[in-house]
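**Q** Prediction below, plus the sequence it came from.
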Amino acid sequence: MNEEKMLNAKQKSVRVKELKNYGSSLRPLYTIAVEIEISVGESPDTLHKVFTDTGLITRETVPFEVVSNFRGSAKDNKPFYSALIVHEGITKKYEVAARDTGGFLRTRINYEPVVSPEELRLTHPAEFPRMGIEVKEWELHNYKHYFMMLIASKRYESVDMWVRREKGEEEKASEFTVLRVDLAESELKAREVPCAWYLERISIFKDIDLKDEVRREIEVG
């Protein structure tokens, strides 16, 4: 990413939530889960624009067509994407939910994206900057479950992201934006960085190599 477009982090933390080998020493199958929290001075809207540019917010992560074995979250049935937006001067709740449409239970489950409100059902979040839609806060949830050779495997990728504007505890404390990301991946053959594709697209911070930060935490975990 262009150095000029990278953001300064006020605070950051990287924590390994799970690191377990469900295979054997000869054939390891790791499940690794990591939590990242970063605070910046820029608004959630600015982060949304930056992540649109990096390719994080696209039809690949927020689908607008029926997808298989891919839903919003592993728990709580959260949508692919939700946001509090300002559209034509009115604050609205925008959401792309995942509706189960069935499928072959052993090999494929289909999910249909359902967009609300109705007047924005054809508008993808990646188009918000071009349309002048401001994003006050937003979430992204992706859970991909893989099947192999007609047998349900335990391999999955899980990504949950929240972006909120918050204020410090002191009375005159300034506001800041908190980005929290939970990444988890199973059946890794080594102590690898989970969900590397996503991690690359959220690495927008000066003087912070998130992949290296996560890798170091995994190595000592």
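**A** Great, that's in hand. Numbers count the residues shown, from 1 in each chain.

**Q** any idea of the mean pLDDT in the longest strand seen in the chain?
**A** Longest strand in the chain by number of residues (criterion: DSSP state E): strand 151-167. Averaging pLDDT along strand 151-167 yields 86.

**Q** following it, which helix or strand shows up next?
**A** Heading C-terminal from strand 151-167, the first helix or strand you meet, by DSSP states H and E, is strand 175-188.

**Q** partners of the helix or strand of the chain with the lowest mean pLDDT in the sheet?
**A** Of all helical and strand segments in the chain, the minimum by mean pLDDT, DSSP states H and E falls on strand 151-167, at a mean of 86. Strand 151-167 pairs in its sheet with strand 134-148 (antiparallel), strand 175-188 (antiparallel), by DSSP bridges.

**Q** Now it: buried residues?
**A** Residues of strand 151-167 classed as buried: 155-163 (neighbour count, 16 or more other CB atoms under 10 Å). The way it works is simple: take the backbone N, C-alpha and C, and place the C-beta from them, glycine included.

**Q** again, but for stretch 31-49
**A** Buried residues in stretch 31-49 (16+ other CB under 10 Å): 31-36, 38-40, 43-45, 47-49.

**Q** what does stretch 114-127 give?
**A** Residues 115, 120, 123-126 are the ones in stretch 114-127 that count as buried (16+ other CB under 10 Å).

**Q** Any regions of the protein where pLDDT drops low?
**A** The chain contains residues with pLDDT under 70 at 1-4, 103-107, 148-153, 168-173, 221.

**Q** just the helices in it please.
**A** Using DSSP state H, the helices assigned to the chain run over residues 44-54, 128-131, 196-201, 210-220.

**Q** what's the shortest one in contact with?
**A** Okay, so that is helix 128-131. Applying CB atoms under 8 Å, 6 or more residues apart in numbering, the contact partners of helix 128-131 are 48-49, 52, 85, 123, 134-135.

**Q** still on that earlier bit, can you give me how far the least confident helix or strand of the chain is from the chain middle?
**A** Mean-position distance between strand 151-167 and its chain equals 6 Å (CA atoms, centre = their mean, to the nearest Å).

**Q** got the angle between that strand and helix 44-54?
**A** Using axes from the mean of the first three to the mean of the last three CA atoms, to 10 degrees, the direction of strand 151-167 lies 140 degrees away from that of helix 44-54.

**Q** rewinding a little: and which of the buried residues of stretch 31-49 is nearest to N110?
**A** The nearest member of the buried residues of stretch 31-49 to N110, counting by CB to CB, is T31 at 25.7 Å.

**Q** got a list of what the closest one touches?
**A** For T31, the contacting residues are 18-20, 22, 184-188, by CB under 8 Å, 6+ apart.

**Q** Relative to L56, how far out is D45?
**A** Separation of D45 from L56 (CB to CB, to the nearest Å): 15 Å.

**Q** Tabulate the strands paired with strand 151-167 (TSV), appending distance to L7 and mean neighbour count.
**A** Formatted as TSV, these follow (distance: least, CB to CB, whole Å; neighbours: other CB atoms under 10 Å):
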stretch	distance to L7	mean neighbour count
strand 134-148	16	19
strand 175-188	10	19
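
**Q** Distance to S13 for these - can I get that in CSV?
**A** Formatted as CSV, the strands paired with strand 151-167 follow (distance: least, CB to CB, whole Å):
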stretch, distance to S13
strand 134-148, 19
strand 175-188, 10
